[in-house]
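**Q** just need the structure, nothing else, for what follows:
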Amino acid sequence: MKTMEGKVWQLTGADTTCGCEAIGQLFIDSAERPRTASATDGSTFVWSVDQQLTLFQGQHTCIKHFQSRIDDVALAPGGLIAVAESRGSVTVGVLQTSETGILFKEKNHCNFVPENERFADVTFVKVIFQVCEEESSCRLMCLSSGGLLLVFRNIRLLDGDIDLSAVKVDKLRTSHSQSWDVAATESNVYTVGGGASCLNVFSCEDEGQLVPQEQVSEDGDPEMRALAVLSNGDALLTMDSKGTFYLFDTVVLMVVHTWSGPGCVDFRIVDPRSDKPFKLENFKLVALVPQEEKVQLLSLPDRRSLFEQRISGRASLGKALMSQEEIFTTEWKSIEDEDGAETTVVYRCYAETNPQQRLLRLIAKKRFAEAQELATMYGLDYNFVPHIVQSKIWQTFPTLAEMEDHLRQCATEASPLCYSNCFMALATQ
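**A** Here you go, the predicted model:
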């Protein structure tokens, strides 16, 4: 199957560097801006570029082509996948695995958005799954650019399959003239956008049916672009078109804190301790700042940089579990010269968001110049001579007494960093 322009995206190998894994790479012989989306649960990766859907699991890859450009994708536990196309259709399927590979099995496909409501740029701005507490069923929410919210409820999760026989579809109209994002809890669904209100709230009634509940406006009528639910609905975090963040208390639906993030166009919340009571300092913020060509991991509420990585060309953030500290991006760039044009798209995972962990890896790989640059950036201990470390870290010894002597020598000649590496080496013996 070819793209609308009659060209095919080709899957190629990609380089993996320290702390950065290239999950997949595609290229096409033309200079054009692709439409991309991605989602992962840590073991399965769903990635779309224009009409092409690529699935990764372990060493296996599956590619499927759709009739129109893919606007967004969603992934739920058990390999449940949703694909929303620009022609207004939604496809639901499951990822099936075997000893020989993986396969995307389509379970249902329907057209939902009328042609007169399909925007030229994008029809669906967001699709997400929300798994119910008992984890035996889930909802699929699809938000269109024009403000139409589609909710598919009663999707039954089976062992490696799904049951759609009891599915009901709610079609709701938001008050946004342009919708941008949707998020959900067990009892509420939230949308953000521009127009009469920046935030809409829908609540679940009997049998899970959604009904409009609240419409929230802020001073200056900001156009909200992104949204995240914190601590199972205790708070909401939104971001407007100027990069200003708004923290909402969901009980009274009032803004309790704001801050500015200049140049930020998208964000994702990281909450590795979701079972803890709500405290803003328990969360971290992944921010995409294309103007400065970087993606950051920031602490809250002080917004101190915990990790920073330059990105190549243009980029978008990928969906991930809130507990995942890894950062997933899709980055693309086009090159034009006398020999023609080529566009390359790479799906990346930045795994070592902890600077200390990344520093240890760089030293172990003897990439001392990069290690020193990283240590300087984050104020980490790097007061040793490379040739000392080169000769001493990751050494093994036949007896514990010899290792203890070695540790004492490292403590005086090198630094605590080398000293800790020796302990790591001791643990592996």
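
**Q** so what's the closest residue in space to residue 131 that isn't next to it in sequence bridging to?
**A** Distance criterion CB to CB, 6 or more residues apart in numbering; nearest residue to residue 131, sequence neighbours excluded, is residue 138 at 4.5 Å. C-beta coordinates here come from the backbone N, C-alpha and C atoms, glycine included. Judged by DSSP bridges, the bridge partners of residue 138 are residue 131, residue 155.

**Q** am I right that residue 24 is in contact with residue 349?
**A** No. Taking CB atoms under 8 Å as the definition, residue 24 is not a contact partner of residue 349, at 10.4 Å.

**Q** ok so, going back, next one: the residue nearest to residue 131, what pLDDT does it get?
**A** Per-residue pLDDT puts residue 138 at 90.

**Q** and residue 257, by the same measure?
**A** Residue 257 is given a pLDDT of 92.

**Q** for residue 23, same thing?
**A** At residue 23, the predicted lDDT confidence score is 89.

**Q** after the host helix or strand of it, next one along is what?
**A** Under the criterion of DSSP states H and E, residue 23 resides in strand 20-28. Counting by DSSP H and E, the next helix or strand C-terminal to strand 20-28 is strand 36-40.

**Q** elements contacting that following strand?
**A** Applying 3 or more CB pairs under 8 Å, 6 or more residues apart in numbering; DSSP states H and E, one finds that strand 36-40 makes contact with strand 44-49, strand 70-76, strand 327-337.

**Q** just the C-alphas of stretch 264-282, formatted as CSV.
**A** Output of stretch 264-282 as CSV, limited to C-alpha atoms (Å, rounded to 0.1, in the frame of the first residue of the first chain):
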residue,chain,number,x,y,z
CYS,A,264,7.2,24.3,25.4
VAL,A,265,4.7,22.9,22.9
ASP,A,266,3.8,19.5,24.6
PHE,A,267,4.4,17.8,27.9
ARG,A,268,3.9,14.5,29.7
ILE,A,269,3.7,13.8,33.5
VAL,A,270,5.8,11.2,35.2
ASP,A,271,4.6,9.7,38.5
PRO,A,272,6.6,6.7,39.6
ARG,A,273,4.8,6.7,42.9
SER,A,274,1.1,6.9,41.9
ASP,A,275,-0.1,5.1,45.1
LYS,A,276,1.1,8.0,47.3
PRO,A,277,-1.1,10.9,48.4
PHE,A,278,-1.0,13.9,46.1
LYS,A,279,2.1,16.1,46.4
LEU,A,280,3.3,18.1,43.5
GLU,A,281,6.9,17.3,44.3
ASN,A,282,6.2,13.6,43.6
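
**Q** quick one: contacts of that stretch?
**A** 225-226, 228, 230-232, 234-235, 237, 239, 243, 245, 247, 257, 261, 283-290, 297, 299-301, 316-317, 319-320, 322-325, 327 (CB atoms under 8 Å, 6 or more residues apart in numbering).

**Q** return the helix or strand in the protein with minimum mean pLDDT.
**A** Of all the helices and strands that make up the chain, helix 416-428 has the lowest average by mean pLDDT, DSSP states H and E, namely a mean of 45.

**Q** how close does residue 370 sit to residue 151?
**A** Going from residue 370 to residue 151 by CB to CB, to the nearest Å gives 48 Å.

**Q** kindly report the same for residue 86.
**A** In this view, residue 86 and residue 151 are 20 Å apart by CB to CB.

**Q** residue 71 too?
**A** As judged by CB to CB, residue 71 and residue 151 stand 17 Å apart.

**Q** re earlier: okay, residue 370 and residue 151: which has more neighbours?
**A** Legend: neighbour count by other CB atoms under 10 Å for residue 370 and residue 151, higher for residue 151 (23 against 16).

**Q** check contacts around the more buried one.
**A** When contacts are counted by CB under 8 Å, 6+ apart, residue 151 touches 139, 140, 141, 142, 169, 170, 172, 189, 210.

**Q** next structured bit after whichever strand or helix holds it?
**A** Residue 151 belongs to strand 148-158 when assigned by DSSP H and E. Using DSSP H and E, the helix or strand that follows strand 148-158 in sequence is strand 161-163.
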